[in-house]
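**Q** Sequence and predicted structure, then a few things I'm wondering about:
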Amino acid sequence: MTEHQAFERRFIEFGQGVLPEERAHEVLDVVDDFMHRWGYSVRNLIGAELTVEHLGSRPEEVPDLIFRMSALDYFEIVIRGRNGAVSYGGWLTGTLPVTVSSEQVNNRPVLLTTCRAGGQIRHAFDPLTGYRPDAEAVNLPLHAARRLSDAV
């Protein structure tokens, strides 16, 4: 069974619907890290949309966060370990929809995005680097292929 993710709220607009675990200091530290690592501007974060999903955790646990970065074809992921520790969970490239597939790699679901040129881009979880597009993806945008080849 696959499930499309809804990006219905902006991260920067901390309203009543934003849960305490979504704005914890640990989450903001990870956001600060990926902002600097990948060269995002403040504008990208201000317009970033947010969704939550259990990418390997049980439904009763705190979910992981997926950020849709504003004006870019990138998504950034903040995951929680089994002990609740927050860490960088990798990145996706492509456009909506983001689909959580039933296929599992390293005990986490494979995520799919749409390629602007058509087709889907498959993203699998690696315990050392987090989510990344498959290296052999033929429909990977050039900017994402360059990022994929950068040392993390």
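**A** Thanks, I have it.
**Q** By residue count, what's the longest strand in the chain?
**A** strand 95-105 (DSSP state E).
**Q** Name the residues that touch that strand?
**A** With contacts defined as C-beta atoms under 8 Å, 6 or more residues apart in numbering, strand 95-105 is touched by 1-5, 7, 51, 53, 55, 66, 68, 73, 75, 92, 109-116, 120, 124-125. C-beta here means a position set from N, CA and C on the backbone, and glycine is covered the same way.
**Q** what is the rounded mean pLDDT of it?
**A** Averaging pLDDT along strand 95-105 gives 94.
**Q** in that strand, what counts as buried?
**A** Of the residues in strand 95-105, 98-101, 105 count as buried by neighbour count, 16 or more other C-beta atoms under 10 Å.
**Q** Can you give the distance of it from its chain's centre?
**A** 11 Å (C-alpha atoms, centre = their mean, to the nearest Å).
**Q** residue contacts, Phe67?
**A** Here Phe67 is in contact with 11, 31, 48-50, 75-78 (C-beta under 8 Å, 6+ apart).
**Q** From those residues, pick the one nearest Tyr131.
**A** Of all these, Ile77 has the smallest distance to Tyr131: 5.5 Å, by C-beta to C-beta.
**Q** Okay, and the beta partners of that closest one?
**A** Here Ile77 sits in beta bridges with Ile66, Gly90, as judged by DSSP bridges.
**Q** tell me the pLDDT at it?
**A** Reported pLDDT for Ile77: 97.
**Q** okay but it is in contact with Leu55, surely?
**A** Yes - with contact defined as C-beta atoms under 8 Å, Ile77 reaches Leu55; the gap is 7.3 Å.
**Q** Can you list the strands that the longest strand of the chain pairs with?
**A** strand 3-4 (antiparallel), strand 108-114 (antiparallel).
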